[in-house]
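Peer 1: Quick one, fold the following:
(one chain, ligands or ions: 3)
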Amino acid sequence: MDFRKVLVGLTLAIVCEIRWSHGCPLVSGLPDTNCDGKAVVTVLGDSLVAGIGDSVHNNKGGYVLRAAKHFPNATFHNLGEGGATATDLIFDLERAFSGRGHRRLLTAVTTADLIIVDIGRNDQWRFKTPLATRRNLTRVHDIIQSNVKSLTGHNTLVVTALLMVPKRLRQAPWIGELNGLLRSSNKTSAPADLRFDTVPKRYLSEDRIHPTSKGYDKLASVFLSYLTFKFPSHVRDIRLDRDHDGLYDEFESERYGTLSTRADTDGDGTRDGYDPDPLHQP
Ligand SMILES: [Ca+2]
Ligand SMILES: [Ca+2]
Ligand SMILES: [Ca+2]
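Peer 2: Ligands and ions are numbered 1, 2, ... in the order given. Next up is the predicted model:
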């Protein structure tokens with residue numbers, strides 16, 4: 001057996017899989033999950049999303065701003081709100097989807113290619129149990145999924161973040177328990193694998209809950225890694241391109257009139273996703 005040929009073949013197979021696995025061209029290096037030619041990432045959460053404690057950005061940057069700088073042609077919506085709980089987010093989402101205000105929230109979730117939910121730590125002060133908060137986070141996921149599906153016709157990708165653990169006496173074990181529940185509920189259709197809980201407590205400020213600027217650097221590093229590796233991987237799970245022609249299955253017949261089971265629908269030698277007129281031969 002010629003191992004060099006086997007190695008070249010395997011490498012080509014891997015490269016082709018990466019090249020053809022996305023149904024729409026990447027935008028600014030990020031998957032365009034809804035195929036609208038834009039990359040939009042929306043982060044919903046509380047003061048750690050807003051960037052409280054981030055002295056170098058006047059408490060308004062945090063990990064979202066830091067990550068966004070790496071994707072200049074993408075849009076990042078930071079919808080972090082100090083003190084917000086999972087219950088508050090449910091309330092805001094229900095109002096937004098029923099047309100009772102929160103227009104920015106509505107736009108941010110209906111246009112997003114990826115939605116991150118990083119919230120729950122404030123629930124401890126409202127005497128919620130970790131299990132009740134985990135249920136509310138599941139509800140957040142379901143409300144977004146069902147409403148975006150009914151408004152756009154397509155499933156979206158909603159990821160629940162595991163929370164950075166504070167140093168506070170009662171809150172730390174409470175969040176540890178919540179993170180454990182979130183980890184055990186992680187699944188393909190509802191990922192809970194964005195691991196902000198891996199950032200060490202030494203990066204917390206004196207208030208023992210908000211990160212320092214260096215702490216936000218660390219959170220941004222976790223987020224960047226997620227955007228680069230896990231996000232594309234999850235998109236491959238929810239957006240099949242079975243004929244590897246560069247168009248997602250669910251957009252083929254509906255949006256382009258092409259077949260999701262034939263890479264070159266008009267038989268002119270050019271794959272549908274790269275054919276300027278995929279239904280007619282030149
Ligand atoms: Ca998009
Ligand atoms: Ca396809
Ligand atoms: Ca063709």
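Peer 1: Which stretches in this structure count as helices?
Peer 2: Taking DSSP state H as the test, the helices found in the chain are 3-20, 47-50, 62-68, 86-97, 103-110, 130-152, 171-185, 213-225, 231-238, 249-251.
Peer 1: hmm, the last one touching ligand 2?
Peer 2: So the one you mean is helix 249-251. No: judged by Cβ under 5 Å from the ion, helix 249-251 and ligand 2 are separated, with a smallest distance of 5.7 Å. The way it works is simple: take the backbone N, C-alpha and C, and place the C-beta from them, glycine included.
Peer 1: Now find how far off-centre that helix is within its chain.
Peer 2: With Cα atoms, centre = their mean, to the nearest Å as the basis, helix 249-251 stands 20 Å off its chain's centre.
Peer 1: per-residue confidence averaged over that helix?
Peer 2: Averaging pLDDT along helix 249-251 yields 86.
Peer 1: same check, this time on stretch 207-224
Peer 2: Averaged across stretch 207-224, the pLDDT comes to 97.
Peer 1: got the contact list for it?
Peer 2: Contact with stretch 207-224 is made by 47-48, 51-57, 61-64, 66-67, 70, 116, 121, 164, 166-168, 171, 194-196, 198-200, 203-205, as judged by Cβ atoms under 8 Å, 6 or more residues apart in numbering.
Peer 1: which of those count as buried?
Peer 2: 47-48, 51-54, 61-64, 66-67, 116, 121, 164, 166, 168, 171, 194-196, 199, 203-205 (16 or more other Cβ atoms under 10 Å).
Peer 1: which residue does the stretch 101-250 of the chain bring closest to ligand 1?
Peer 2: As assessed by Cβ to the ion, ligand 1 sits closest to Asp113 within the stretch 101-250 of the chain, at 4.3 Å.
Peer 1: hang on, isn't that residue packed against Cys35?
Peer 2: No: at 9.2 Å, Asp113 does not count as touching Cys35 under the criterion of Cβ atoms under 8 Å.
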